[in-house]
Structure formats: structure tokens, C-alpha cells
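Engineer: Could you work out the structure for the sequence below:
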Amino acid sequence: MTIWAAGAFMLLSYGLGGLLAGYWIAMLKDGRDLRTVGSGNPGARNAGRIYGRSAFFWTFIGDAAKGALVVGCAKTMDAGPAFTLAAFLAVVLGHLFPAFLSFRGGKGMSVFCGGALLFDGAIWLAMIAIAAILLLAFRSWTPAGLCGVGLFPVLVLYTYQGQGPAVVALASGVAAAIFYAHRVNIKAFWMQRRS
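Structural biologist: Purely as a prediction, here's the structure:
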């Protein structure tokens with residue numbers, strides 16, 4: 001693959017990431033910007049709160065499908081795990097910082113779930129299992145899910161030993177982007193635990 005083809009694929013991945021399912025579902029329903037109602041997050045939870053279970057389902061599926069599509073297409077190119085993880089990072093960044101929505105996007109958990117599932121099903125299952133166990137302790141999906149996300153680069157390091165430092169760096173970048181998007185939630189959870 002040429003550098004131009006790789007660059008074009010990354011740009012397409014970023015652009016696809018910027019198509020926020022919740023934003024368009026809200027626009028089709030009543031013309032409102034989902035980022036201005038409820039929690040202000042154009043993700044599945046806020047869509048569900050405002051428009052019901054169907055909106056939650058289709059927002060989650062739509063955003064997860066973006067991650068899955070990009071990662072799945074990258075894998076078919078057989079350019080190696082580093083290329084696939086770079087595309088994964090691009091679609092996540094597109095979702096978090098969509099250019100045509102003034103760089104105000106969602107928090108990326110649905111996109112991460114779809115992309116991680118297609119990247120490596122065993123890693124995805126391990127993260128889900130850890131998150132499910134921690135849910136019993138935290139009683140909230142957000143911190144439990146973020147712990148699962150935090151394990152992503154560790155599991156990639158273990159599974160793809162010998163693939164070079166770029167693989168772990170890119171996996172860490174994907175996880176870091178999700179953590180950055182949830183920084184307010186992390187701070188609130190930390191303050192709650194301390195009080």
C-alpha cells in the first residue's frame with residue numbers, strides 16, 4: 001500500500017467517525033441538536049433518555065458499526081495490526097472531534113466497542129468480562145467500562161508481542177482518547193469515591 005492510499009484511508013476513517021448516529025437521529029426526529037439537550041452528549045445514553053429505547057439502540061449500533069467497519073476494512077487490506085490500529089484511532093478521533101460539528105462530538109465508547117470487537121474478538125471478550133466483574137464493585141458502567149478500555153493496550157501488548165512499539169503506542173492512543181473524552185466523568189467519580 002502506498003503512503004497516499006494509507007493517508008486517504010485514514011482521512012476516510014476520520015470522516016466516517018464524524019457521522020454521529022445520535023446527532024442525525026435527533027435531527028430526523030425533531031430537528032434538535034442532541035448536544036444541546038439532556039447531558040449534552042450525542043451518545044446512546046443521552047439519545048435513550050431523550051427519545052427512548054429505540055434511539056438508544058440505533059445510536060449504539062450506528063456508532064459501533066463505524067468502528068467495526070473501519071477496523072474490518074483495514075484488516076482486509078492485510079497491512080498489519082499497526083495500520084489497523086491507526087485506522088481505529090482515526091475513526092475514534094473523528095467521533096470525538098468531528099470537523100463539520102465544530103469538533104464537538106461524543107465520548108466514543110460505542111465506537112470503541114465496535115472497533116475492538118473487529119480488531120480482536122478475544123481481547124474484546126476479555127475487556128467485557130473485566131468490565132462486567134467490576135460493575136459489581138462500582139455499580140456503574142462508566143468506571144467499569146473505562147477499566148476495560150484501560151486494559152486494551154495491555155492486552156494488545158500481550159497478544160501482539162514482537163509486532164513493534166507502534167502497535168502498543170497506537171492501542172494506547174485509542175485508550176487515551178476514550179479516557180480524555182470521559183475526563184469529566186472520571187473526575188466526578190473520583191470525587192464521589194473520596195467523599
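
Engineer: Which helix or strand contains the most centrally placed residue in the chain?
Structural biologist: The centre of the chain sits closest to residue 112, judged by Cα atoms, centre = their mean, with a distance of 2.7 Å. Under the criterion of DSSP states H and E, residue 112 resides in helix 109-119.

Engineer: pull the CA atoms of the following helix or strand past that helix into PDB?
Structural biologist: Using DSSP H and E, the helix or strand that follows helix 109-119 in sequence is helix 121-138. Taking Å, rounded to 0.1, in the frame of the first residue of the first chain, the C-alpha atoms of helix 121-138 are listed here in PDB:
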ATOM      1  CA  GLY A 121     -12.600 -10.800  19.400                       C
ATOM      2  CA  ALA A 122     -10.600 -12.500  22.300                       C
ATOM      3  CA  ILE A 123      -9.300  -9.100  23.500                       C
ATOM      4  CA  TRP A 124     -12.900  -7.700  23.300                       C
ATOM      5  CA  LEU A 125     -14.300 -10.600  25.300                       C
ATOM      6  CA  ALA A 126     -11.600 -10.100  28.000                       C
ATOM      7  CA  MET A 127     -12.400  -6.400  28.300                       C
ATOM      8  CA  ILE A 128     -16.100  -7.100  28.500                       C
ATOM      9  CA  ALA A 129     -15.600  -9.800  31.200                       C
ATOM     10  CA  ILE A 130     -13.400  -7.500  33.300                       C
ATOM     11  CA  ALA A 131     -15.900  -4.600  33.000                       C
ATOM     12  CA  ALA A 132     -18.800  -6.900  34.000                       C
ATOM     13  CA  ILE A 133     -16.900  -8.100  37.100                       C
ATOM     14  CA  LEU A 134     -16.000  -4.500  38.100                       C
ATOM     15  CA  LEU A 135     -19.600  -3.500  37.500                       C
ATOM     16  CA  LEU A 136     -20.500  -5.400  40.700                       C
ATOM     17  CA  ALA A 137     -18.000  -3.200  42.600                       C
ATOM     18  CA  PHE A 138     -18.600   0.200  41.000                       C
END
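
Engineer: What are the contacting residues of helix 121-138?
Structural biologist: 113, 116-117, 141, 143-145, 147-149, 151-152, 155-156, 159 (Cβ atoms under 8 Å, 6 or more residues apart in numbering). All C-beta spots, glycine's among them, are computed from the backbone N, C-alpha and C.

Engineer: Cool, thanks, signing off.
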